[in-house]
Structures are given as structure tokens and as C-alpha cells.
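**Q** kindly generate the corresponding structure for this input.
(one chain, ligands or ions: 1)
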Amino acid sequence: MIRSPSPTRSCSDVMRVEVERKFVCNSDVHEKLREIGAVCVGQCEFEDKYFDCPEHHLTLRDVWLRCRQGSWELKCPTQEDRQERGEQESHARSLLTRYREITSLPEIIAKVREVTGEECAGHGPSRMEDEGMRMEDVDECSLRGGALSWLNELHLVPFAVFSTKRCSFTLAEEGQQHGVRVDLDQADFGFCVGEIEVLLPDGGEMQPALEQIERTAQRLGLSGEKRVPGKMDAYLQKYCPEHYKKLLNAKIL
Ligand SMILES: Cc1ncc(C[n+]2csc(CCOP(=O)(O)OP(=O)(O)OP(=O)(O)O)c2C)c(N)n1
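**A** Down below sits the predicted model:
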């Protein structure tokens, strides 16, 4: 298997917005990608370890902290999403997600503190052991990220760990400065999903990205009306049903 230089992508911005549409990955998707001129830019395999406090204060606010191959990333809702939450969404928007991505560790720690209002910290000793979590589960990421202390202090423990084999494609479009990226993911717990994705600098114009994704979906012949579940939906449903139920009830998933 070819390993791309970075499974976390090459964009060097520490803050950017990821706009994406997931799709059900059927057997003819490779052929379809070839037909529309998508170029395979590599395959890679990576492990994701997701963290939250035992009370799920982060994920219940739609904030996703993970360590991928030693690099920390935080995904949180954009300003627009916060405004739209609870309002009727347009058809196209309901299939699309937008998240701000933060990759600078000091900014991640600051954001986690802000989001939880430090709810995760300061309630006595860590509940890792109560939750059956072991420090060995965190060591690789935390050591590469600097130190264990911030995870411990904020009572953050891993709640999902899985590996993904990813095949990535780019699709250029006439008149568009940036191509669209299509990822085909195969998770090690038996789940496959495709993603059409555009990365924007923070504050970048959203509408062209939404239209580019819609055009790509049409070229791939995608017609689904319903939100397509991602790897996390499938993982939690299978391994953490109580956590999954809470997120469904809170309309996060
Ligand atoms: C369709 C949909 N996707 C994600 C969420 C929220 N969410 C759940 S887990 C989660 C974090 C993982 O995001 P995802 O885009 O699924 O990650 P991945 O597939 O590894 O792609 P990469 O980050 O490499 O581009 C989010 C944002 C949602 N509510 N609805």
C-alpha cells in the first residue's frame, strides 16, 4: 500500500473549514470516478483515536477531538452552523456538513476549555479507570502532542479507536481554482463510506464550495436524499450504543 505523506492532508493552515458530503460507497464508484476524470492521488492507512470526557461534554456540543497518527485535530461547528441549528435546513445543506478544523495544539486546548467551560476538569480524580480506559491507550498521541497533563487535567479519555484505509482522488473543474477531493474510506470494523470534500481557509466563501460539491455529486450520479452516516455513527452504534443514543437524542448525529 502506498502511504501518502500525510493522512491529515497537506493544507498548512492551522484553522480551516471543511465542507463535505458523505455518500454510500457502492461497487461501481471507482469506475464512475475514472469516467469523470478523477485522478487517484494516493492511498494511505491511518488510526484515529477520539477523545471526550466521560460525560461526553465535547461530542454533545458537536466538538470532535482526535489524534490521527500523532497529530491532534479538533473539529467544531462553524458560526453559520450554530446560527442554523434548529432552523429548517435546505435540501442541499442537510446532506452537507461544515466544520472548522483546528490543528494547533495550544489552540485546541484553548478551544476545549472554552467549549466545556472546564466542566470536564476539576471534579476530583480522573474517571478513566471507572470507564475502563487505560493510560496506554493515550500514550502515543499525547507524547507526540507534548505531554499527558492537558488530557488528564481536562479528564479526556479515548472513546473510539479505529483504522481507516483511504483511497483519495482529486477532480479538477474548469474555471475553479481548487479541485474537489473525493475520499473512499474503508474502516477496520467493516464499514465503508465516500466523502466529497472542499477545504476553505477560515472565512472563505462558502457558496462556491457548496455548489462544487453538489456538481460533483451529480457527476457521480448520487441521488440520495438522506444524510449518509459516517464512520463515527457506525462505530458508536456498534460499540458504544449509550453514547450513540445520547448523540441521536441531542440531534448531533
Ligand atoms: C454526515 C456527518 N458527518 C459527521 C458529523 C459529525 N461528526 C461525527 S464524527 C466527526 C469527526 C470526524 O469527521 P469525519 O468527517 O467523519 O472524519 P473522516 O471521515 O475521518 O474524514 P477527514 O476528517 O479525514 O476528512 C464529526 C465531525 C455529522 N453530524 N454528520
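
**Q** which residues sit against the longest helix along the chain?
**A** In the chain, with assignment by DSSP state H, the single longest helix is helix 206-219. Helix 206-219 is touched from outside by 17, 19-21, 23, 36, 80, 92-93, 95-96, 98, 171, 173, 176, 180, 182, 196-198, 200, with contacts defined as CB atoms under 8 Å, 6 or more residues apart in numbering. Yep, even glycine has a C-beta here, placed from its N, CA and C like the rest.

**Q** now restrict the residues you listed to buried residues only.
**A** Among the contacts of helix 206-219, those that count as buried by neighbour count (16 or more other CB atoms under 10 Å) are 17, 19-21, 23, 95-96, 98, 171, 180, 182, 196-198, 200.

**Q** among these, which one has the lowest pLDDT?
**A** By pLDDT, Leu95 ranks lowest within these, coming in at 85.

**Q** I'd guessed that residue sits against Glu195; true?
**A** No: here Leu95 does not reach Glu195: they are 11.6 Å apart, not a contact under CB atoms under 8 Å.

**Q** so which of the buried ones among the contacts of helix 206-219 are also by the ligand?
**A** The subset of the buried ones among the contacts of helix 206-219 within reach of the ligand, by CB under 6 Å from any ligand atom, is Glu20, Glu197.

**Q** the ligand contacts on the stretch 101-250 of the chain?
**A** Asp185, Glu195, Glu197, Arg227, Gly230, Lys231, Met232.

**Q** now, those that are in strands?
**A** Among these, the members found in strands (DSSP state E) are Asp185, Glu195, Glu197.

**Q** format those residues as TSV; extra columns: distance to Ala250.
**A** Below are these laid out as TSV (distance: CB to CB, whole Å):
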residue	distance to Ala250
Asp185	25
Glu195	23
Glu197	25
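
**Q** can you give me the helices for this protein?
**A** Using DSSP H, helices in the chain cover 29-35, 79-84, 91-95, 105-116, 139-145, 149-153, 206-219, 231-239, 241-249.

**Q** ranking the ones you listed by burial, who's on top?
**A** helix 231-239 (a mean of 19; mean count of other CB atoms under 10 Å).

**Q** great, nothing more from me.
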